[in-house]
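*Asks:* Sequence first, predicted coordinates after that:
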There are 4 protein chains.
Amino acid sequence: MTPPAPDPALLRTLVLANRILYSQGVVDGFGHVSARHDRSPSHFLLARSMAPGLVRSEDIITFDLDGTALDAAGRRAYLERFIHGEIYRARPDVQAIVHSHSPCVIPFGVTQQPLRPVFHMSGFLGEGAALFEIRDIAEDTDMLVSNAALGAALAATLGRRSTVLMRGHGSTVVGSSLEQAVYRAIYAEVNAKLQLQAMTLGEVTYLNPAEAAKAAAVNDTQMSRAWELWQRAVGPIE
Amino acid sequence: MTPPAPDPALLRTLVLANRILYSQGVVDGFGHVSARHDRSPSHFLLARSMAPGLVRSEDIITFDLDGTALDAAGRRAYLERFIHGEIYRARPDVQAIVHSHSPCVIPFGVTQQPLRPVFHMSGFLGEGAALFEIRDIAEDTDMLVSNAALGAALAATLGRRSTVLMRGHGSTVVGSSLEQAVYRAIYAEVNAKLQLQAMTLGEVTYLNPAEAAKAAAVNDTQMSRAWELWQRAVGPIE
Amino acid sequence: MTPPAPDPALLRTLVLANRILYSQGVVDGFGHVSARHDRSPSHFLLARSMAPGLVRSEDIITFDLDGTALDAAGRRAYLERFIHGEIYRARPDVQAIVHSHSPCVIPFGVTQQPLRPVFHMSGFLGEGAALFEIRDIAEDTDMLVSNAALGAALAATLGRRSTVLMRGHGSTVVGSSLEQAVYRAIYAEVNAKLQLQAMTLGEVTYLNPAEAAKAAAVNDTQMSRAWELWQRAVGPIE
Amino acid sequence: MTPPAPDPALLRTLVLANRILYSQGVVDGFGHVSARHDRSPSHFLLARSMAPGLVRSEDIITFDLDGTALDAAGRRAYLERFIHGEIYRARPDVQAIVHSHSPCVIPFGVTQQPLRPVFHMSGFLGEGAALFEIRDIAEDTDMLVSNAALGAALAATLGRRSTVLMRGHGSTVVGSSLEQAVYRAIYAEVNAKLQLQAMTLGEVTYLNPAEAAKAAAVNDTQMSRAWELWQRAVGPIE
């Protein structure tokens, strides 16, 4: 069943999310961001396989939760669209997902060091980031979450958290809106950089769970301030 | 009592200070800079709640030292305006204040490593940076200095120093002018980066208190050179 | 024997490869990239001695595998063109070569730490990077691979691998196309930066050989996505 | 005695050197570069006290080796012009001098770690960088080389080397031409960054003195390639 057309404002925000993630250094030529369809919770919107920094509205494809494109019209889909479909299936609260190879986060995924909230901007990390080891699910793979079974395993590892690290690969961050998912992806990277530096100085005092939860709640009321700046930094989308 | 209008030149400098702090990487979408009102020492000027890099003169609001806006006209105020009000109350010598999440400074606030002057440009750190642990004042908080009591506690921790680190949050730097506060905020960040790197090499020789004080004094006569460059880097404010 | 003119598309791609390597931070004023001649496997195309970021099509010279220029017309050749000639001679599968002083890679060449694949994007490092110690071939040199004997020794050290580190100098990366060699040079640098950071956190889990090989194979099908972005970042070549 | 006017080409190169050092991150609002007068070896050319990145030809002042300005016409001189005068006096071979707070170099000046040549581009560091401890000359100072005695002491510490680190301050690099001094200042910074990273990996193999000397000699024949790129990066000087 084909869902109705999504809200044009959601499409515009999704295009902007792609551009912001590139402009802010979360994604390079790879990585992707999706939004759950606003009029059909069993569908999601994701660009065709291309660099996020170049995405325009005509590049957005609608997928069902199995990762089947409804309107690809010959356009190639991301191999890892199953990350999105399976998380949307497992987490009805999630409305947007960012998958990236955000550079400072990767070291935490390949060592035994947990990513933890160094400052209030990353209170959403208070529950801790989950760690997905693809070897636990399948034998030697190409590291990609390229089918529904791997996507479901990733979603299970994520659980109720905001962030899952993927060993030897990258990370995935979820949110209740595109703005929140983008905010979290950007500040997961900022936090990782801070934590890498702080750990060279000695024992680090992290936010405790109560501080993290309270900080996350108040930050959610302030996100538009950053979004306005990030949008300005992207410039006009031709 | 409503104070007279501030000097338009002060307003222009405050707008520029906002832009410079963003351009030089001290603030991102968050952080703020204020100036004490030039014609009413019991008032200060601070932008409405927005990204510093986008501030224009029409965004500046006048506050009293309790953090009450005189001319908000519906505009939202920064949650942490109490940082400014309480420091202006406690420190009559202070004419400008920068609060930021300046990235390299944060690691020093979450470890036991003091931020110390690595080179002459940061002689203003000679007395050492103070360290504010919000847990000493209140139980688990959202980490924000969002009321007068917390602001007063922060001001007390700052004491006579130029800089106070805020654990799990950021830092606040004061000056006898906007130019000096901006200079200090920028070079606190530069110094922190240098110190992080120097500490990986071994024992660091810091400026001693006499060197730091003398260097700070001479730097104060040279700041306009840097300000001119930073202004140029900002470009025209449309 | 003078070979026929190369495919103009190959020339355009080679010019773009030069510009991309500069734009992406792999080369500065030094370093070079070549392509094997598409109509004569015993010749290769390489810019005259100049900064890669400024190369235009009229700067490309044709060389034979001995490093003799066919059409220099007075233009100065890179001192290290023997890197290219001798690798093309030893490796018929290689169609493009990047030599650079890519900054994060250099530390691995001067210590006993092997460069290994931290994430799937650098699966091409699965076999490990070779390490060329010029002191093993010649007594104290100027470090440059500036004759055929040194070039042949470098090619022998490279063996069947994709990457060879050159102690106290830089690295050389090969590919079956310009796109692949450029991709590998960029992600060798990204991987080196990730590995430097991950090693500060503790024991690192690298991709195992099977994971690396599979990841490399799938990445080869996705490179055009990044190339399109890198080309856009270069902008028009005047 | 007033010297004749300097070669206009030298003036243009000096302006460009100022701009390049800023564009390449060696100087910020502070630091300075001079050239010995081409027609009077007992004079040198140096900008008035201002940010190097903004220098134009009309900002250049002629000084004698005592640091006395001949044509200041009310313009303020750099407090540390004595660095230049005293090195020109002590080193007849030196034709250009860069003083900077080049960031990655500073950690080596405040620890016991010598700055050594990690790769061939920094062969000029083969003799090692000298280390100037101003406390050995004068009691607690403002750290500035602000008189002839301090300048002479710095020149004595420099000796026959290319580079002297200044504890808690910065560094000074000399050359036989502006191009060479700029090249050395840029690659001293690059080398310092590489060395900082390499030392985190373990024991570093540096260029030995013979390798360093040979590499430095060949690099001197290749500098124009980088200068052309750096000039392009500066853009037109309005």
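*Replies:* Perfect, thanks for sending it. Since the structure is predicted, the reported quantities are computational estimates derived from the model, not experimental observations.
*Asks:* Could you check stretch A:48-64 and say which residues are buried?
*Replies:* Applying a neighbour-count criterion of 16 or more other Cβ atoms under 10 Å in any protein chain shown, one finds A:48-55, A:59-64 buried in stretch A:48-64. For the C-beta atoms, the positions are set from N, CA and C on the backbone; glycine is no exception.
*Asks:* ugh, wrong one, I meant stretch A:9-17
*Replies:* For stretch A:9-17, a neighbour-count test (16+ other Cβ under 10 Å) marks A:10, A:11, A:13, A:14, A:15, A:16, A:17 as buried.
*Asks:* The third one: what's it in contact with?
*Replies:* If you count contacts by Cβ atoms under 8 Å, 6 or more residues apart in numbering or on different chains, residue A:13 has them with A:35, A:178, A:179.
*Asks:* Which of the helices or strands spans the last one?
*Replies:* Right, the one you point to is residue A:179. In this structure, residue A:179 sits in helix A:178-199 according to DSSP states H and E.
*Asks:* by contact count, what packs against that helix?
*Replies:* Contact partners of helix A:178-199 among helices and strands, from 3 or more Cβ pairs under 8 Å, 6 or more residues apart in numbering or on different chains; DSSP states H and E: helix A:8-23, strand A:32-36, strand A:96-100, helix A:106-109, strand A:170-175, helix A:223-234, helix B:106-109.
*Asks:* Count the neighbours of the residue in chain A that chain C sits nearest to for me.
*Replies:* Chain C sits closest to residue A:29 of chain A, with a gap of 3.1 Å, by Cβ to the nearest Cβ. By other Cβ atoms under 10 Å in any protein chain shown, 24 other residues sit near residue A:29.
*Asks:* which ones are touching it?
*Replies:* Contact analysis of residue A:29 by Cβ under 8 Å, 6+ apart lists A:51, A:53, C:225, C:226, C:227, C:228, C:229, C:230.
*Asks:* The first one - nearest residue in space that isn't next to it in sequence?
*Replies:* So that's residue A:51. Excluding its sequence neighbours, the residue lying closest to residue A:51 (Cβ to Cβ, 6 or more residues apart in numbering or on different chains) is residue C:229, at 3.8 Å.
*Asks:* who does the residue nearest the centre of chain A bridge with?
*Replies:* The centroid of chain A falls nearest to residue A:98 when counting by Cα atoms, centre = their mean (1.8 Å). Per DSSP bridges, the residues bridged to residue A:98 are residue A:33, residue A:173.
*Asks:* From residue C:118, how far off is it?
*Replies:* Distance of residue A:98 to residue C:118, computed by Cβ to Cβ, to the nearest Å: 20 Å.
*Asks:* Next one: whatever residue of chain A ends up closest to chain D, what pLDDT does it get?
*Replies:* The minimum distance from chain A to chain D, using Cβ to the nearest Cβ, falls at residue A:200 (9.1 Å). What the model reports for residue A:200 is a pLDDT of 96.
*Asks:* Spell out which parts of chain A neighbour chain C.
*Replies:* Neighbours of chain C within chain A, by Cβ under 8 Å from any Cβ of the partner chain: A:28-30, A:49-51, A:53-54, A:79, A:101, A:103-104, A:106-108, A:110-113, A:140-144, A:167-170, A:196, A:199-200.
*Asks:* from those residues, which would you call buried?
*Replies:* So, by 16+ other Cβ under 10 Å, the buried ones in these are A:28-30, A:49-51, A:53-54, A:79, A:101, A:103-104, A:106-108, A:110-111, A:113, A:140-144, A:167-170, A:196, A:199-200.
*Asks:* For the residue in chain A that chain B sits nearest to, give me its contacts.
*Replies:* Nearest residue of chain A to chain B (Cβ to the nearest Cβ) works out as residue A:226 at 3.1 Å. Taking Cβ under 8 Å, 6+ apart, we find residue A:226 in contact with A:183, A:186, B:28, B:29, B:30, B:51.
*Asks:* for residue A:55, same thing?
*Replies:* Going by Cβ under 8 Å, 6+ apart, residue A:55 touches A:15, A:18, A:19, A:47.
*Asks:* Quick check, residue A:39 in contact with residue A:4.
*Replies:* Yes. Contact criterion Cβ atoms under 8 Å: residue A:39 and residue A:4 qualify, at 5.0 Å.
*Asks:* Quick check: the gap between residue A:134 and residue A:178.
*Replies:* With distances taken as Cβ to Cβ, residue A:134 is found 27 Å from residue A:178.
*Asks:* Same question for residue A:221.
*Replies:* Distance of residue A:221 to residue A:178, computed by Cβ to Cβ: 17 Å.
*Asks:* neighbour-wise, which of those two wins?
*Replies:* Neighbours were counted for residue A:221 and for residue A:178 using other Cβ under 10 Å; residue A:178 has more, 25 against 10.
*Asks:* Spell out which residues belonging to chain A are near chain B, please.
*Replies:* Residues of chain A lying near chain B (Cβ under 8 Å from any Cβ): A:117-121, A:123, A:190, A:193-194, A:197-198, A:200-208, A:210-211, A:214-215, A:217-218, A:222, A:225-230, A:232.
*Asks:* Now list the buried members of these.
*Replies:* Among these, those classed as buried by 16+ other Cβ under 10 Å are A:117-121, A:123, A:190, A:193-194, A:197-198, A:200-201, A:204, A:206-207, A:211, A:214-215, A:218, A:222, A:225-227, A:229-230.
*Asks:* so can I have CSV of the contacts of residue A:13 showing pLDDT?
*Replies:* Output for the contacts of residue A:13, formatted as CSV (pLDDT from 0 to 100):
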residue, pLDDT
A:35, 98
A:178, 98
A:179, 98
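*Asks:* one step back: ok so the residue of chain A closest to chain C is a strand residue?
*Replies:* No. Going by DSSP: H, G, I helix; E, B strand; the rest coil, the assignment for residue A:29 is coil, not a strand.
*Asks:* which of the contacts of residue A:29 sit farthest apart?
*Replies:* Farthest-apart pair in these is A:53 and C:227; separation 12.9 Å (Cβ to Cβ).
*Asks:* picking up where we left off before, so which of the buried residues of stretch A:48-64 are in strands?
*Replies:* Judged by DSSP state E, these include A:60, A:61, A:62, A:63, A:64 as members of strands.
*Asks:* Of these, which is the nearest to residue A:23?
*Replies:* Using Cβ to Cβ, these come closest to residue A:23 at residue A:60, 18.5 Å.
*Asks:* what bridges to that closest one?
*Replies:* Following DSSP bridges, residue A:60 is listed with bridge partners residue A:47.
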